[in-house]
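> using only what follows, build the 3D model:
(one chain, ligands or ions: 2)
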Amino acid sequence: MVPAELPPSSPRSPKRMQEDWLEGIEHPGLRRVLETVKERDPAQPEFLAAVKEVAASIQPVFERRPELLPVFAQLCEPERQIIFRVPWIDDAGQMQINRGFRVQFSSAIGPYKGGLRFRQGVNLSIIKFLGFEQVFKNALTTLPMGGGKGGSDFDPKGKSEAELQRFCQSFMTELYRHIGDETDVPAGDIGVGTREIGYLFGQYKRLTGVYGGVLTGKGLEWGGSRLRPEATGYGAVFFAKELLEDEGDTLVGKRCLVSGSGNVAQHCAQKLMDEGALVLGMSDSRGYIFERDGLTREQLAQISAIKESHSGQLEQYRSPTAVFVQGRRVWEVDGPIDAAFPCATQHELDLEDAQQLVQHGCKFVFEGANMPCTPRAVRCFEEHGVVFSPAKAVNAGGVAVSGLEMTQDRLGMQWSEEEVDAKLRAIMHSIYRTCKETAEEYHTTLAAAANIAGFLRVAEAQRAQGAV
Ligand SMILES: NC(=O)C1=CN([C@@H]2O[C@H](COP(=O)(O)OP(=O)(O)OC[C@H]3O[C@@H](n4cnc5c(N)ncnc54)[C@H](O)[C@@H]3O)[C@@H](O)[C@H]2O)C=CC1
Ligand SMILES: O=C(O)CCC(=O)C(=O)O
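Ligands and ions are numbered 1, 2, ... in the order given. Coordinates of the predicted model:
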């Protein structure tokens, strides 16, 4: 197994841990906010990492706008956290129990909006980190969406279709009372695609009698938007294209690595090929494949077919020119690399991976997944002049098209592929420009700028609404 979560920490004294936690935070008021966040939830490493990253980069805002500090403290605490039991009967007739989550983080700029993740190991810390990130990402899209996230520790791998359906129905039997098209609109994430959204939507309709836009990522025949499945991966490439064009460059001929092989990775790889780039490697949690001359469209179609089932493994991939490397990460691919697109999961790219990419000449990193790079990997990129583009900006195309799906549901109409494509490109263009201009204004990195711009939009709205 490739270690995908946080790097192991060595034993440290409580004082040392507190110093580490506050390292790089100069603002006294912000230090107090972070102390409180950690005291409240000391055992939530993913959530704490996300808060720290945002806090460190928005410090300059508080020098100009001290009145926004209490608003940041407010945004670090979710408005509501729901944890529930999900009982379901497996094919052997045995009862199974999973845990369900929905964290409604912020409704300052619109209904809570964010995906559902079904994956072994999902816990409150992971859902809170994703919900927290979603708040600022959704703000960057400029669409009226608050932030939330949910999911379950249910592992879809190896489950039959009937088991999947029973699980989704049981999950929605509790969730339905907490969501609604004007209050909280979930969508997919890891382990949740159109099929699962279908089972969840069907059960919601059965329980409430309402046919509406309570979920996004729906099928085209039942209220979905064109290009929603493609939007996250396509959006990541549109962002990359904007950035390269700004530097007088293009994606044509660029040698790229894409990690993962699910929804985001497949569509990112496909759009990279459309733009004339070469996709040399893709991966899953068991290893990676390397195609020296770049994947062909047929080979990518083979990967999509393998991954259609939750149990499909990349090692089933067959090609006379490919190498499958078991138990290793795709970042070690030997040979020149121009750009990396981590599109699998959190903290899948650590310092050693970053060093290998730097050694192989990588100049650009675009985060397709949520928080795939560890802080020390990001530092390594910055130290070596690799242009690092953060998840909040790069992968915002998915939730942006979810926002467009909400609008289409409200209007009772469906836009053409050309219309959605044009809107998605315009949103990614605007996100890139916002990050670039904010980076110039604050003399900072694109990653910090994404946090600042997202925070400012939510904070103004939250401040206007007071202590709610
Ligand atoms: N689906 C969406 O619209 C959006 C997804 N994201 C993020 O993108 C990432 C991927 O999500 P999806 O593609 O939707 O999920 P998915 O379930 O379709 O695919 C996940 C893929 O990652 C692979 N994987 C898991 N752990 C891995 C590891 N340690 N190394 C390499 N591969 C690994 C799995 O085998 C699977 O192929 C997640 O971080 C998710 O939060 C972000 C924005 C929107
Ligand atoms: O489409 C959505 O509502 C959520 C997408 C998502 O979960 C994400 O951006 O991480």
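
> for the closest residue to ligand 2 within the stretch 201-350 of the chain, give me its contacts.
Closest contact between the stretch 201-350 of the chain and ligand 2, by Cβ to the nearest ligand atom, is at Thr216 (5.4 Å). Every residue, glycine included, has its C-beta placed from N, CA and C. Neighbouring residues of Thr216 by Cβ atoms under 8 Å, 6 or more residues apart in numbering: 185-187, 197, 224-225, 228, 402, 405-406.

> quick one: the strands in the stretch 51-200 of the chain?
Taking DSSP state E, counting those that start in this stretch, the strands of the stretch 51-200 of the chain run over residues 80-89, 95-106, 112-118, 147-152, 184-188.

> tell me which of these sits most buried.
Most buried of those by mean neighbour count (mean count of other Cβ atoms under 10 Å) is strand 147-152; its value is a mean of 30.

> what mean pLDDT does that one have?
If you average the pLDDT over strand 147-152, you get 98.

> which strands border it, and is each parallel or antiparallel?
Within its sheet, strand 147-152 is paired with strand 95-106 (antiparallel), strand 112-118 (parallel), according to DSSP bridges.

> can you lay out the strands of the stretch 51-200 of the chain as CSV showing distance to Asp284?
Shown next, in CSV, are those (distance: least, Cβ to Cβ, whole Å):
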stretch, distance to Asp284
strand 80-89, 26
strand 95-106, 23
strand 112-118, 16
strand 147-152, 19
strand 184-188, 18
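
> Arg180 contacts Leu215, correct?
Not Arg; residue 180 is Gly. No. Shown here, Gly180 and Leu215 do not form a contact pair, counting by Cβ atoms under 8 Å, at 10.6 Å.

> between these two, point out the one with more neighbours.
Comparing Gly180 with Leu215 by other Cβ atoms under 10 Å, the one with more neighbours is Leu215, at 26 against 17.

> contacting residues for that one?
Leu215 neighbours (Cβ under 8 Å, 6+ apart): 185-187, 197, 200-201, 204.

> closest approach to ligand 2 from this structure, which residue is it?
Closest contact between the chain and ligand 2, by Cβ to the nearest ligand atom, is at Gly115 (2.6 Å).

> OK, contacts around that residue?
Residues in contact with Gly115, defined by Cβ under 8 Å, 6+ apart, are 130, 149-151, 186-189, 192, 399.

> Lys423 versus that one, what's the distance?
Going from Gly115 to Lys423 by Cβ to Cβ, to the nearest Å gives 20 Å.

> again, but for Glu174
When Cβ to Cβ is applied, the distance between Glu174 and Lys423 equals 34 Å.

> show me what the helix or strand harbouring Arg433 is packed against.
Element membership of Arg433 [criterion: DSSP states H and E] is helix 417-442. In this structure, helix 417-442 makes packing contacts with helix 124-140, helix 228-246, helix 391-394, helix 396-411, helix 446-465, judged by 3 or more Cβ pairs under 8 Å, 6 or more residues apart in numbering; DSSP states H and E.

> please render the ones you listed as JSON lines that adds mean pLDDT, distance to Val264 and mean neighbour count to the earlier fields.
Formatted as JSON lines, the helices and strands packed on helix 417-442 follow (pLDDT from 0 to 100; distance: least, Cβ to Cβ, whole Å; neighbours: other Cβ atoms under 10 Å):
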{"stretch": "helix 124-140", "mean pLDDT": "98", "distance to Val264": "14", "mean neighbour count": "26"}
{"stretch": "helix 228-246", "mean pLDDT": "98", "distance to Val264": "5", "mean neighbour count": "24"}
{"stretch": "helix 391-394", "mean pLDDT": "98", "distance to Val264": "10", "mean neighbour count": "28"}
{"stretch": "helix 396-411", "mean pLDDT": "98", "distance to Val264": "7", "mean neighbour count": "24"}
{"stretch": "helix 446-465", "mean pLDDT": "98", "distance to Val264": "18", "mean neighbour count": "21"}
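
> for the stretch 101-250 of the chain, which residues are neighbours of ligand 1?
188-191, 232 (Cβ under 6 Å from any ligand atom).

> keep only these that also lie close to ligand 2.
Asp189.

> now for the residues of the stretch 101-250 of the chain next to ligand 1: which two are most distant?
Across these, no pair lies farther apart than Gly191 and Thr232, at 14.7 Å, counting by Cβ to Cβ.

> that older thread, out of the helices and strands packed on helix 417-442, which comes closest to Gly287?
helix 228-246 (21.0 Å).

> run the chain-centre distance for the helix or strand following the closest one.
Heading C-terminal from helix 228-246, the first helix or strand you meet, by DSSP H and E, is strand 255-259. Averaged C-alpha coordinates place strand 255-259 at 18 Å from its chain's average position (Cα atoms, centre = their mean, to the nearest Å).

> so what's the most centrally placed residue in the chain closest to, chain neighbours aside?
In the chain, the residue lying closest to the centroid (Cα atoms, centre = their mean) is Asn370, at 3.3 Å. Nearest non-adjacent residue to Asn370, counting by Cβ to Cβ, 6 or more residues apart in numbering: Ala391, 5.1 Å away.

> and that neighbour, what does it touch?
Taking Cβ under 8 Å, 6+ apart as the test, what Ala391 contacts is 133, 137, 367-372.

> got a markdown table for those residues, with distance to ligand 2 and secondary structure too?
Converted to a markdown table, these look like this (distance: Cβ to the nearest ligand atom, whole Å; DSSP: H, G, I helix; E, B strand; the rest coil):
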| residue | distance to ligand 2 | secondary structure |
| --- | --- | --- |
| Glu133 | 7 | helix |
| Lys137 | 6 | helix |
| Glu367 | 11 | coil |
| Gly368 | 10 | coil |
| Ala369 | 9 | coil |
| Asn370 | 5 | coil |
| Met371 | 10 | coil |
| Pro372 | 12 | coil |
